[in-house]
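Visitor: 3D model of this:
(chains A and B, ligands or ions: 2)
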Amino acid sequence: MTGAMVAARRLLGFWPAVTAAMLIVTAALLLLPVVNIVGLSFSGEEDTAGVLRNYQMFFSEPYYYRTLINSFIVSISATVLALLVGVPAAYFTSRFHIWMRSLIRAAVVLIFVSPPFIGSYSWIILLGRNGLVTTTLADYGISLPSIYGAQGIIFVFTLHYFPFVFLLVSSGLKSIDQSIEDAARNLGSSEFATFRKVIAPLLAPSISTGALLVFIACFTDLGTPIILGERFRVLPVLIYGEFVNDFGGRPVLASTLSVLLLLITTAALLLQRWYASRNAFGTAAVRPLTLQEQPFKKRLLAALFVYTLVGVALLPLVNIIVSSFLKANGPVLLAEFTLDNYQRILGTIGRPLWNTIFFTTTATLLCAVFGTMIGYIIVRRPGRISSFLDTIIMFSFAVPGIVLGVGLVVTYHHPPFAMTGTALILILAYFIRRLPFSVRSSVGMLQQLSRDTEEASVNLGAGPAMTFIKITVPLLSVAILSGVLLTWSNTIRELSATLILQSGRTVTVSLEIFNEVVNGNFGVASALGTVLILLTFLPLSVLFTAMGKREDALV
Amino acid sequence: MTTAVSINKVTKRFDATTAVDDVTIDIARGEFFTLLGSSGCGKTTLLRIIAGFLRQTSGTIRFDDKPIDDVPAHRRNTGMVFQNYAIFPHLSVFDNIAYGLRARGCARAEIDTRVGQMLELIQLAALKNRRPRELSGGQQQRVVLARAMVIQPDVLLMDEPLSNLDTAMRVHLRAEIRALQRQVGITTIYVTHDQEEALLMSDRVAVMSHGRVKQIATPLEIYNTPETRFVAGFVGECNMLPGKVVELADQTATVALGEGGRLAVQGVSGVVQGQARTVAFRPQDAELQPVPDDDTRGLCGRLVDIQFLGGTVRFVVDIGAGAIVHVAAQRRTGAAIPVLGGRYRLDIPPHAVRLFEPAPA
Ligand SMILES: Nc1ncnc2c1ncn2[C@@H]1O[C@H](COP(=O)(O)OP(=O)(O)OP(=O)(O)O)[C@@H](O)[C@H]1O
Ligand SMILES: [Mg+2]
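Guide: Ligands and ions are numbered 1, 2, ... in the order given. Just a heads-up that it's a prediction; the model follows:
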């Protein structure tokens, strides 16, 4: 065999070919759209002036730059508040003998996976101008602060996204060894001092990851600020407005805004990585922190705090389900039981439901196949290309749905790749957004599997492809399945990319809800919302009960 | 002897470390060949190069005179047995063993007969439908062995296959592996750091250290005539004392030990008068003779400790200047036992003493 033939075969081997394919797919669906919006943002297409013209305009017009400030205000406030409630809630639930701890965890998961925009309109039903609570309290002469505008958005964000912090801190606490706390107490630290000086620093990576996730989620959320913001506009809303403007939209301006959004999320991601790596201690608990015996009064106070938090955060979900059975007159719900709402959606839900299930399933399967292969490449074939893939996957996490949507439209707008408005582009958007779930679950498991088993297969004469299918995939089946369930429940409620990429034919359930809310049909929206909550929660209940996963698998 | 595997000047470097350093070995067909060496000396690396999982930095490997360096791992037709079994956990015993045959596209009937024979051979026919997790460690190891042998590999590669088992199982399986290997007549390269295992099982042993082969010989030769100081110290116990050649006649030398004693050494070559050398002999080659205090001929010392180890007794002799010599003897009922604190001469036959390069400073 000649050297050239050997070299050729090395390039054309199974894994090199797969790696190339993965690079092409991720480049086409993630990097190219991002590059295109960056390019577009520097182009003078709409205004003939210099390349920085769009940015200059943004930073000189209060109408524009105000949104950026607003975004920071709500995101930072919500992040701080989520930490303030999430860290103690997780600590109390993990360390104190609180009644119904597993129920609390289940409730947190439920809050976590429910679509955020459902929460916001549910709060309008409760606390809006004609809201149930608002009117009831008004009868007693009590007036509540408005649910609209900045404070409303911050309130909803905090309650919806604190589970990130809760779940991460809970799992972080499990990796601290009891002996560390015992040593601190033994050396004379009080309980609070021990938490502040010993436990909290060890939790720094978990807390900072939680903060990052809350921040990015708040900064890029589109549904909630549209529904609650009224005249208070944040950056994603501005992008959406500019992009799907009644007068045809302004993709150049939308791109400029998208680049700003992306810059901030990426900066936040890098900042957190840097911080976490400086503060990582890599502890592994032989004997994780145990439950503490607390005096009854302390226990009761802690329990009350956790119950109140979870109860309030759960309220909008309960409200949706209840109100789906109530007679509605536009946005006003009447205290009268009915199945009207369900009857009304029966006729129209067919297409969106089918679309949602079809898009989500296809995207999830694609994620499973590609994610497993990428995970394999990252773990088993380390090198420069593999770490590049790893970086792309991490980066995809920083790309907000709305930015991806805009990027895909500007990239695949023209023939021969005109895909805007098709089902395909939605599926691809879902796929690339949720790919990290599958990659991460495969990577996690592969790192623990010795490569001997795969080498044994190769040694017995099975080529790389056959070994992957007959050995690696079965060994990873649990991780693949849990990746699938996570992807499914996270994809099914996607709204921001969907809003940009949809067309009449590709309407989804989450979009229908959004439209009904915007049109003030709260009864129908609630019925649809209940359906969506069920669709989201079903696979997760499989994940937790049948597969015995813990909640922190979610984050 | 027909050469089944020929390893020619193979070197493997990882960044800074040289894991395998210029190794040349020829292994005959049907031979049971062992790589013996301490942890990190490059045994696994060499085995993985032969299996095709690693590419050597330089050198060539041939199977039956055909270079296989460019043959990918799955076409090399080697059968590998891994240290931690690497059994396929999702496949039954039968499917584990059949895996390699299926990968080769064998017909179903042929697979059934060959796997059946193998199951008989390893005496697990009754368990062929079990899952690996329902097997004991020893049974799993036998399945893995069968899985590697059923494909009739050109060479069977075993990487410390017994190190995860308890002592009883290890002793039992090493006999079984050796018997199976003889029965099937398969060329085998066996990796271990257990010298007992190496001496007991092998036709020939290569002693490795820091990636280099120090000696290749039969177990008996390795033990009786180690070529280097390292091999002498690594395989079996050895007393090593610094000395100086003071007389040289024919092939016999007399070495003066630092502590005043003298020893005769037979069969020396390549030494010169006045040269510093290490004197080495096995504990069981020395015998204790009581001597009076004023007798200083030969090598004398005081008995400072007696250790009973059941069948053998070990004597610790202080030969002065802090140097200690170990002597081992069979314990026979009724035999006179030397007295603690007594003065003894060590009688060592000159052909049992070997000279090596002096210890590095
Ligand atoms: N992939 C690698 N990258 C860098 N160095 C390596 C790699 N694999 C092995 N080495 C180094 O090569 C040397 C030989 O390793 P090898 O695994 O062959 O030792 P070994 O003789 O099998 O040891 P053991 O008895 O512990 O299994 C070691 O110093 C090891 O650290
Ligand atoms: Mg090894």
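Visitor: Can you give me the neighbour number for residue A:487?
Guide: Neighbours of residue A:487 under the rule other C-beta atoms under 10 Å in any protein chain shown: 28. All C-beta spots, glycine's among them, are computed from the backbone N, C-alpha and C.
Visitor: swap that for residue A:233, sorry
Guide: So residue A:233, with other C-beta under 10 Å, has 18 neighbours.
Visitor: OK, contacts around it?
Guide: Applying C-beta atoms under 8 Å, 6 or more residues apart in numbering or on different chains to residue A:233 gives the contacts A:66-67, A:70, A:225, A:241.
Visitor: could you pick out which of the residues you listed are near chain B?
Guide: Filtering the contacts of residue A:233 for proximity to chain B by C-beta under 8 Å from any C-beta of the partner chain leaves nothing.
Visitor: In helices only, show me those.
Guide: Those of the contacts of residue A:233 mapping onto helices are A:66-67, A:70, A:225, A:241, per DSSP state H.
Visitor: quick one on the thing from earlier: buried subset of the contacts of residue A:233?
Guide: A:67, A:70, A:225, A:241 (16 or more other C-beta atoms under 10 Å in any protein chain shown).
Visitor: got those residues as CSV, with pLDDT columns?
Guide: CSV is the format used below for those (pLDDT from 0 to 100):
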residue, pLDDT
A:67, 90
A:70, 93
A:225, 92
A:241, 86
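Visitor: Go through those and name the one nearest chain B.
Guide: In terms of C-beta to the nearest C-beta, no member of those lies closer to chain B than residue A:225, at 48.5 Å.
Visitor: residues contacting that closest one?
Guide: A:74, A:153, A:232-234, A:236-237.
Visitor: so where's the chain uncertain?
Guide: As the question left the chain open, I've gone with chain A. A:1-11, A:44-51, A:245-248, A:281-285, A:547-555 (pLDDT under 70).
Visitor: Switch to chain B, please.
Guide: B:1, B:259, B:361.
Visitor: nearest residue to residue A:508 other than its sequence neighbours?
Guide: Spatial nearest neighbour of residue A:508, excluding adjacent residues (C-beta to C-beta, 6 or more residues apart in numbering or on different chains): residue A:356 at 4.5 Å.
Visitor: Among the buried ones among the contacts of residue A:233, list the two that are farthest apart in space.
Guide: Distance extremes for the buried ones among the contacts of residue A:233: the farthest pair is A:70 and A:241 at 13.5 Å, using C-beta to C-beta.
Visitor: Chain B against chain A: which residues are in contact?
Guide: B:51, B:53, B:70, B:72-80, B:82-90, B:99-100, B:103-104, B:144, B:147-148, B:151.
Visitor: Quick check on these: which are buried?
Guide: Buried among the residues of chain B next to chain A by 16+ other C-beta under 10 Å: B:51, B:53, B:73-74, B:76-80, B:82-83, B:85-90, B:99-100, B:103, B:144, B:147-148, B:151.
Visitor: Now, those that are in strands?
Guide: Among those, DSSP state E puts B:78-80 in strands.
Visitor: before we move on, back to that, out of the contacts of residue A:225, which is most surrounded?
Guide: Within the contacts of residue A:225, neighbour counts (other C-beta under 10 Å) peak at residue A:234, which reaches 29 neighbours.
Visitor: I'd assumed residue A:64 was in contact with it.
Guide: No - look at residue A:234 against residue A:64 with C-beta atoms under 8 Å: they stay out of range, at 11.8 Å.
Visitor: still on that earlier bit, of the buried ones among the residues of chain B next to chain A, which belong to helices?
Guide: Applying DSSP H to those, the entries found in helices are B:51, B:99-100, B:103, B:144, B:147-148.
Visitor: and residue 299, how many neighbours does it have?
Guide: Defaulting to chain A. So residue A:299, with other C-beta under 10 Å, has 17 neighbours.
Visitor: wrong chain, I was asking about chain B
Guide: Using other C-beta under 10 Å as the criterion, the residues surrounding residue B:299 number 25.
Visitor: Could you find the closest non-adjacent residue to it?
Guide: Excluding the flanking residues, the one nearest residue B:299 by C-beta to C-beta, 6+ apart is residue B:261, at 3.5 Å.
Visitor: ok, now how distant is the one you found from residue B:341?
Guide: For residue B:261, the distance to residue B:341 equals 19 Å [C-beta to C-beta, to the nearest Å].
Visitor: Check the secondary structure at the residue of chain B positioned farthest from its centre for me.
Guide: Centroid-distance maximum for chain B: residue B:294 at 43.7 Å, with C-alpha atoms, centre = their mean. With DSSP: H, G, I helix; E, B strand; the rest coil as the basis, residue B:294 sits in coil.
Visitor: contacting residues around it?
Guide: By C-beta under 8 Å, 6+ apart, residue B:294 has no neighbours at all.
Visitor: which residues in chain A form strands?
Guide: Under DSSP E, chain A gives strands at A:326-329, A:332-337.
Visitor: Columns mean neighbour count and distance to residue A:202 on top of those strands, output as a markdown table?
Guide: Below are the strands of chain A laid out as a markdown table (neighbours: other C-beta atoms under 10 Å in any protein chain shown; distance: least, C-beta to C-beta, whole Å):
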| stretch | mean neighbour count | distance to residue A:202 |
| --- | --- | --- |
| strand A:326-329 | 17 | 48 |
| strand A:332-337 | 13 | 47 |
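Visitor: got the ones you listed as CSV, with distance to chain B columns?
Guide: Below are those laid out as CSV (distance: least, C-beta to the nearest C-beta, whole Å):
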stretch, distance to chain B
strand A:326-329, 51
strand A:332-337, 52
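Visitor: so who does the closest residue in space to residue B:73 that isn't next to it in sequence touch?
Guide: In this structure, residue B:73 finds its nearest non-sequential neighbour in residue B:52, 3.4 Å apart by C-beta to C-beta, 6+ apart. Applying C-beta under 8 Å, 6+ apart, we find residue B:52 in contact with B:68, B:71-74, B:76, B:78.
Visitor: Ok, residue A:385 next?
Guide: For residue A:385, the contact set (C-beta under 8 Å, 6+ apart) comprises A:19, A:23, A:377.
Visitor: Residue numbers of the stretch 301-450 of chain A in contact with chain B?
Guide: residue A:450.
Visitor: Distance check, the residue of the stretch 301-450 of chain A found nearest ligand 1 against residue A:451.
Guide: In the stretch 301-450 of chain A, no residue comes nearer to ligand 1 than residue A:382, which is 10.2 Å away by C-beta to the nearest ligand atom. Residue A:382 is 12 Å from residue A:451, where distance means C-beta to C-beta.
Visitor: How about residue A:542?
Guide: For residue A:542 relative to residue A:451 (C-beta to C-beta), the value is 30 Å.
Visitor: do the same with residue A:12
Guide: For residue A:12, the distance to residue A:451 equals 23 Å [C-beta to C-beta].
Visitor: Look at these two and report which has more neighbours.
Guide: Set residue A:12 next to residue A:451 and count neighbours by other C-beta under 10 Å: residue A:451 wins out with 15 against 10.
Visitor: which one is that one nearest to, not counting chain neighbours?
Guide: Leaving aside its chain neighbours, residue A:451 sits nearest to residue A:380 (6.6 Å; criterion: C-beta to C-beta, 6+ apart).
Visitor: quick one, phi/psi of residue A:397?
Guide: Dihedral pair for residue A:397: phi -70, psi -30, per degrees, to the nearest 10.
Visitor: Nearest residue to it in space, please, no chain neighbours.
Guide: Excluding the flanking residues, the one nearest residue A:397 by C-beta to C-beta, 6+ apart is residue A:436, at 5.4 Å.
Visitor: can you pull the contacts of that neighbour?
Guide: Per C-beta under 8 Å, 6+ apart, neighbours of residue A:436: A:371, A:393-394, A:396-397.
Visitor: Enumerate the residues of chain B near ligand 1.
Guide: Contact residues (C-beta under 6 Å from any ligand atom) of chain B with ligand 1: B:14, B:17, B:19, B:37, B:39-45, B:193.
Visitor: Just the buried ones among the residues you listed, please.
Guide: Looks like these have B:19, B:37, B:41-45, B:193 buried, using 16+ other C-beta under 10 Å.
Visitor: Good, we can wrap up now.
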